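K.L.:
Okay, sequence plus prediction incoming.
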Amino acid sequence: MPTFLFKSLLSAGLLLLVLLAMFTMFEIFGRPEKKYDVGRLKRIHKFNGLIYIILFLIITYYCLEFIISTKAEPTPRATFHSIFAITVILLIGLKISFIRIYRQFYGQVKTIGILIGLISLGMIATSSGYYLLITKLGIETPVEKIVTVDTLTVKTDPESIRKGKELFESKCYFCHEAYSTERGVGPGHKDIMKNPLLPVSKKPPTPENIAEQIRNPFRDMPSFSYLPDEDVQNIIAFLNTL
């Protein structure tokens with residue numbers, strides 16, 4: 001299963017936990033006449049919060065691993081997602097401190113809980129919601145216009161191919177299979193430069209179009225504009241061998 005799809009499914013589980021947390025909180029504090037046993041609701045809410053934190057940390061690990069491995073520049077959407085995530089972490093810490101230590105602020109816990117739920121919805125929507133929507137659970141990848149760049153020459157020497165393979169494995173393998181056409185987060189790259197058209201843009205598989213995709217990618221792919229020209233050419237050299 002592609003990493004992005006797995007992370008998105010975990011986020012869907014996080015969404016269910018958010019909804020359950022909101023429900024139990026409203027039932028505990030929002031009804032003058034209780035419909036359910038309050039003690040049981042509190043236990044469910046506490047256990048639900050623990051599972052939420054564990055799942056949150058697991059998803060955070062995958063996000064940080066991707067950022068560290070690819071050194072990708074965050075898109076505006078990814079930046080908003082990160083802000084939401086950091087805010088959730090701070091609010092959870094604040095809520096726990098009000099419950100455990102600064103109990104004079106206990107009356108604010110309900111408001112903080114609502115904020116955590118709402119911001120979590122925004123966090124999930126800008127990550128898994130976006131991914132699942134535009135890819136239809138990873139089945140499709142959206143098409144967007146590509147602008148060509150200056151003419152490039154495909155390198156064929158073993159050293160360039162070796163370096164290109166290393167770069168592909170460290171920066172591209174999260175989303176693209178090298179030796180198959182199976183679709184993960186993005187399309188597989190086998191025969192990508194031998195086919196008449198690129199799999200998503202339907203542009204000719206020229207080095208220029210591939211280089212432009214790396215530097216100025218579609219909205220569902222991180223930017224690698226920081227890569228020097230030599231690295232881009234080495235990646236293309238490797239793709240040419242598939």
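P.N.:
Good, I have the coordinates.
K.L.:
what's the burial count for the spatially closest residue to residue 63 that is not a sequence neighbour?
P.N.:
Counting by CB to CB, 6 or more residues apart in numbering, residue 63 lies nearest to residue 7, which is 7.3 Å off, once chain neighbours are set aside. C-beta: built from backbone N, CA, C; applies to glycine. Neighbourhood size, residue 7 [other CB atoms under 10 Å]: 21.
K.L.:
Please, where are all the strands along this protein?
P.N.:
Read by DSSP state E, the chain holds no strands at all.
K.L.:
mind listing the helices in the protein by residue range?
P.N.:
In the chain, the segments counted as helices under DSSP state H are 3-29, 38-70, 76-100, 109-124, 130-135, 158-171, 207-215, 229-239.
K.L.:
ranking the ones you listed by mean pLDDT, which is last?
P.N.:
Lowest mean pLDDT of the helices of the chain: helix 130-135, a mean of 76.
K.L.:
Report the distance from that one to the chain centre.
P.N.:
10 Å (CA atoms, centre = their mean, to the nearest Å).
K.L.:
picking that back up, pull the contacting residues for the residue nearest to residue 63.
P.N.:
59, 62-63, 127-128 (CB atoms under 8 Å, 6 or more residues apart in numbering).
K.L.:
rewinding a little: out of the helices of the chain, nearest to residue 191?
P.N.:
Closest to residue 191 of these is helix 229-239 (CB to CB; 9.8 Å).
K.L.:
ok, now how distant is the residue of the chain positioned farthest from its centre from residue 181?
P.N.:
Relative to the centre of the chain, the most outlying C-alpha is that of residue 33, 42.1 Å out, by CA atoms, centre = their mean. Using CB to CB, to the nearest Å, we find residue 33 at a distance of 60 Å from residue 181.
K.L.:
How about residue 34?
P.N.:
For residue 34, the distance to residue 181 - CB to CB - is 57 Å.
K.L.:
Who has more neighbours out of these two?
P.N.:
Set residue 34 next to residue 181 and count neighbours by other CB under 10 Å: residue 181 wins out with 14 against 11.
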